[in-house]
Structures are given as structure tokens and as C-alpha cells.
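Colleague: following is a predicted model, sequence given first.
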Amino acid sequence: MIVYHGSIRKLEAFTKETVVQNFSNGIDTIGFWFTSDVNAAKPFAIGTETVIEKSETEFWEDGEPKVVQYDRPVRGFIYKVYMDDPILKEFESYDLFMQERDKYCDYLGSKKRKPTWKDKAILLNKEEANAKFRKNLMSQDFEGISVRNTKLHGVATDLYCLFSQEPIQIADIIPIDE
């Protein structure tokens, strides 16, 4: 299976230390996320990074340059990865996936008795919920999940999330051109 991952960071392999994608609904720390469509991965490779440096135009009274902070646009990379048929828990829709994960979530900010992700309530235990969700699936011998027919940045794609403890090797790196 061929999948894609977009990132503004340069990666050699996917490891536990790898920065995760910024997914909505707090799902980013479940595992390593990939898409079946290269175009769905591209928006994750475009973003900003915070830069802190000495100013060339602003100085303190003693002549020392001031330190300034700003966000700089970054165009990163799309990583093409080959996966050898991992054992995946399949969800036919994003909604079904989120319903399953909600069993582990505590939300705040809704008048409902038991709010869910659809209520746009504040998720109080993202790390804990994602860890429990992942641990439950791993105890059933799943190595990840697949979420079918998901709309992501205007592109219909399948999402894949791997829980791998081993580094995931990259087959190709595609730079995002200016």
C-alpha cells in the first residue's frame, strides 16, 4: 500500500519523536497519520514556523540589537511511504471512527449530559483519550486504523493511522515548490 504524509519539517523516518500533524478534533497524537491521496497531504506541508533572531533594524539604547519574533511561511515536504499490509481496524466513515474514540474522551462546554466531538465542546483529556483508544486497539492486535471516504481539505481520501513503535521508512520525499 502506498500512502502520503505532509509536513513542514524535514524527516528521515517516522519515529516516536517525529512531530505529528495538526489534525482537528484532537486526533493528532493517536499515531502517524497518512492519506491515500497525495493532494490531501499537501496542505499539511504548507504552514508557518516561529523565528526568533536578532534584529538588523531595531536596537536598544546601548546599541545592542533587539531580539524579534515572527512567523515565517514554510513549504515543506510530502513523504511517500510503502506499508506492508498492516492489520488495521477499519472505519467506514470519520463519524464512526470519532464515535468509537469518544468513549475515552471527557468534554467540557456543552449543556448536554454526555457531549461528543460533534458538540464542538472542549476536549479535556486529549493525550489520555488517544492513549487509551490506541491501547485498546493494540490489545486487539491492530497496528493502526483506516478511515474510509474522508473529506480532507476538499479532497476525498482514505486516512490511515499507524501506531508503530518501530521507525517507518520513507520511500520518497517530494518537496513543495514555492
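Modeller: Alright, I've got the coordinates. Numbers count the residues shown, from 1 in each chain.

Colleague: any regions of this structure where pLDDT drops low?
Modeller: Applying pLDDT under 70 to the chain flags the ranges 17-22, 109-112, 178.

Colleague: residue contacts, D177?
Modeller: By Cβ atoms under 8 Å, 6 or more residues apart in numbering, the residues touching D177 are R75. Just so you know, the C-beta spots here come from the backbone N, C-alpha and C atoms, and that holds for glycine as well.

Colleague: cool, T48 as well?
Modeller: Neighbouring residues of T48 by Cβ under 8 Å, 6+ apart: 71-74.

Colleague: which SS state does K16 fall under?
Modeller: coil (DSSP: H, G, I helix; E, B strand; the rest coil).

Colleague: which one (most neighbours) among the contacts of T48?
Modeller: V74 (15 neighbours; other Cβ atoms under 10 Å).

Colleague: so it versus L152, what's the distance?
Modeller: Distance of V74 to L152, computed by Cβ to Cβ, to the nearest Å: 20 Å.

Colleague: do D172 as well
Modeller: Taken as Cβ to Cβ, the span from D172 to L152 is 21 Å.

Colleague: which of the contacts of T48 fall in strands?
Modeller: 71-74 (DSSP state E).

Colleague: what comes into contact with stretch 28-39?
Modeller: 3-5, 14, 18, 20-23, 27, 41, 78, 80-81, 83, 101, 126-127, 130-131, 133-134, 144-145, 152-153, 155-164, 168, 174.

Colleague: ok, now how distant is M98 from F142?
Modeller: In terms of Cβ to Cβ, M98 sits 17 Å off from F142.

Colleague: would you map the helices across this protein?
Modeller: 38-41, 94-101, 126-139 (DSSP state H).

Colleague: for those, state which one has the densest average packing.
Modeller: Burial of the helices of the chain is given as mean neighbour count (mean count of other Cβ atoms under 10 Å); helix 38-41 ranks first at a mean of 20.

Colleague: what would the ones in strands among the contacts of T48 look like in CSV with distance to C105?
Modeller: Output for the ones in strands among the contacts of T48, formatted as CSV (distance: Cβ to Cβ, whole Å):
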residue, distance to C105
D71, 31
R72, 35
P73, 34
V74, 31
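
Colleague: keeping just the C-alphas, turn the top strand by length along the chain into PDB.
Modeller: When the chain is scanned for its longest strand (criterion: DSSP E), the result is strand 46-59. The C-alpha coordinates for strand 46-59 follow below in PDB (Å, rounded to 0.1, in the frame of the first residue of the first chain):
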ATOM      1  CA  ILE A  46       2.400  24.300   4.000                       C
ATOM      2  CA  GLY A  47       2.500  26.400   7.100                       C
ATOM      3  CA  THR A  48       4.500  28.800   9.300                       C
ATOM      4  CA  GLU A  49       7.300  28.400  11.800                       C
ATOM      5  CA  THR A  50       8.200  30.900  14.500                       C
ATOM      6  CA  VAL A  51      11.600  32.500  14.100                       C
ATOM      7  CA  ILE A  52      13.500  34.300  16.800                       C
ATOM      8  CA  GLU A  53      16.500  36.300  15.800                       C
ATOM      9  CA  LYS A  54      18.500  39.500  16.400                       C
ATOM     10  CA  SER A  55      17.000  42.500  14.600                       C
ATOM     11  CA  GLU A  56      19.000  44.200  11.900                       C
ATOM     12  CA  THR A  57      17.000  47.400  12.200                       C
ATOM     13  CA  GLU A  58      15.900  47.700  15.900                       C
ATOM     14  CA  PHE A  59      18.400  48.400  18.600                       C
END
